[in-house]
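> Let's see this in three dimensions:
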Amino acid sequence: MNSKTDAEWAEIVAKARHTGRMANTLAKALAQRSAHRWRFVDFRGPNGDESGGIVDIVAIRKSSKAPDAGLKKLDLFDVTIIQVKGGTAKNPTADDIARLKLVRDRYCAQAIVLFAWNKDKKVAKFCLLDENDKWVDTTASKLFGKAKKVAKN
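As a prediction, the model looks like this:
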């Protein structure tokens, strides 16, 4: 039986924490490239570690849609909830998806997004949860708007 030492476990945990922080930072950075009006709020725990709960990042912007009676344009918000997976972390389970959908419904979020990053496989992608509970690859630009134009020198 291949049993790991305390030092080996400590190294594994440290690497997982680092990967989680990097995946979270990369998700926000890639999304912000396309997001002119969106703001991204993450819920990291002490020392930047992962915190409890199913939602890792909330993307929010003022809604420009016609509001209900009594409200004015830009009084309401558009909300997208994002779960982040880094390294070899598994995709959300059926129970995780059910929880994400409950949060979406509770806060009237427009979308549930999964951001997956694996440094070794050179994968960084956004996936949108469809009506059949399947993850469909998408882009930050499709989720959060058009990419910003880069000024030419």
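> For stretch 106-123, measure first residue to last.
Criterion CA to CA, to the nearest Å; first-to-last residue distance in stretch 106-123 is 31 Å.
> Could you pull out the buried residues of that stretch?
For stretch 106-123, a neighbour-count test (16 or more other CB atoms under 10 Å) marks Ala109, Ile112, Val113, Leu114, Phe115, Ala116, Trp117, Asn118 as buried. Placement of C-beta: from N, CA and C, glycine included.
> Kindly report the same for stretch 45-63.
Neighbour-count burial for stretch 45-63 [16+ other CB under 10 Å]: Glu50, Ile54, Val55, Asp56, Ile57, Val58, Ala59, Ile60, Arg61, Ser63.
> what do you get for stretch 39-46?
By neighbour count on 16+ other CB under 10 Å, the buried set for stretch 39-46 is Phe40, Asp42.
> just to revisit the earlier point, relative to Arg17, which of the buried residues of stretch 106-123 is nearest.
Trp117 (14.4 Å; CB to CB).
> chain center to the longest strand anywhere in the chain: distance?
Of all segments of type strand in the chain, defined using DSSP state E, the longest is strand 77-86. Its chain's C-alpha centre and that of strand 77-86 lie 4 Å apart, by CA atoms, centre = their mean, to the nearest Å.
> average model confidence for the helix or strand that that strand is followed by?
Using DSSP states H and E, the helix or strand that follows strand 77-86 towards the C-terminus is helix 94-107. What helix 94-107 shows for mean pLDDT is 97.
> Between strand 77-86 and helix 94-107, find me the angle.
Taking axes from the mean of the first three to the mean of the last three CA atoms, to 10 degrees, one finds that helix 94-107 is oriented at 160 degrees with respect to strand 77-86.
> now for helix 94-107, which elements pack on it?
Under the contact definition 3 or more CB pairs under 8 Å, 6 or more residues apart in numbering; DSSP states H and E, helix 94-107 sits against strand 77-86, strand 111-118, strand 123-129.
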